[in-house]
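> could you look at this predicted model? Sequence included:
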Amino acid sequence: MKLLLIIYDVDFDEDVMEALSACGIKGYTKWDRVLGKGERSEPKMDSAVWPGFNCCIAAAIEDEIEEKVMESLQALFSKFGGKKFKVFELPLLKVI
């Protein structure tokens, strides 16, 4: 299993949620109004000085659908111009 940590601009929320649903991902944890700064982006602090915020999704995915999910997320990355969208794939050793 893998754990995907998907961080993206709130403007992409509908696209990301549709992609995950199309891949058959039924369970996830989602955080709204995530603040921070990427290595190639301006800070998003939901303030007058640094407007905007991100969303973050953590999803455990089975090995059988990993390739399909990653292809779908790669397509979104390309669609968004490689900006304001990041996916971290981590090994998931155990779920209790």
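The structure has been received and is ready for your questions. Treat the numbers as computed from the prediction; the structure is a model and nothing was measured. Residues are numbered from 1 along each chain as shown.
> what sits up against the helix ranked longest in the chain?
In the chain, taking DSSP state H as the definition, the longest helix is helix 63-79. Applying C-beta atoms under 8 Å, 6 or more residues apart in numbering, the contact partners of helix 63-79 are 1-2, 4, 6, 12, 15-16, 19-20, 22-25, 61, 85, 87, 89. Quick note: C-beta positions are derived from backbone N, CA and C, even for glycine.
> L93 is in contact with A60, correct?
No. The pair A60 / L93 is not scored as a contact, 11.0 Å apart, by C-beta atoms under 8 Å.
> out of these two, which sits in the busier spot?
When neighbours are counted by other C-beta atoms under 10 Å, A60 and L93 differ, and A60 comes out ahead with 15 against 7.
> tell me which helix or strand the more buried one sits in.
Using DSSP states H and E, A60 falls within strand 54-61.
> buried stuff in that strand?
By neighbour count on 16 or more other C-beta atoms under 10 Å, the buried set for strand 54-61 is 54-57, 59, 61.
> the longest helix of the chain: which residues count as buried?
69-70, 72-73, 76-77.
> which one of those is nearest to W31?
Proximity of the buried residues of helix 63-79 to W31, judged by C-beta to C-beta, is greatest for L73, which lies at 17.5 Å.
> in the protein, which spans are strands?
Listed in chain order, the strands of the chain (DSSP state E) span 2-9, 29-34, 54-61, 85-91.
> nearest to K44 among those strands would be which one?
Per C-beta to C-beta, nearest to K44 of these: strand 54-61, 5.7 Å.
> before we move on, the earlier item: export the buried residues of strand 54-61 to JSON lines and tack on distance to P43 and pLDDT?
Shown next, in JSON lines, are the buried residues of strand 54-61 (distance: C-beta to C-beta, whole Å; pLDDT from 0 to 100):
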{"residue": "N54", "distance to P43": "11", "pLDDT": "96"}
{"residue": "C55", "distance to P43": "16", "pLDDT": "98"}
{"residue": "C56", "distance to P43": "16", "pLDDT": "98"}
{"residue": "I57", "distance to P43": "21", "pLDDT": "98"}
{"residue": "A59", "distance to P43": "26", "pLDDT": "98"}
{"residue": "I61", "distance to P43": "30", "pLDDT": "95"}
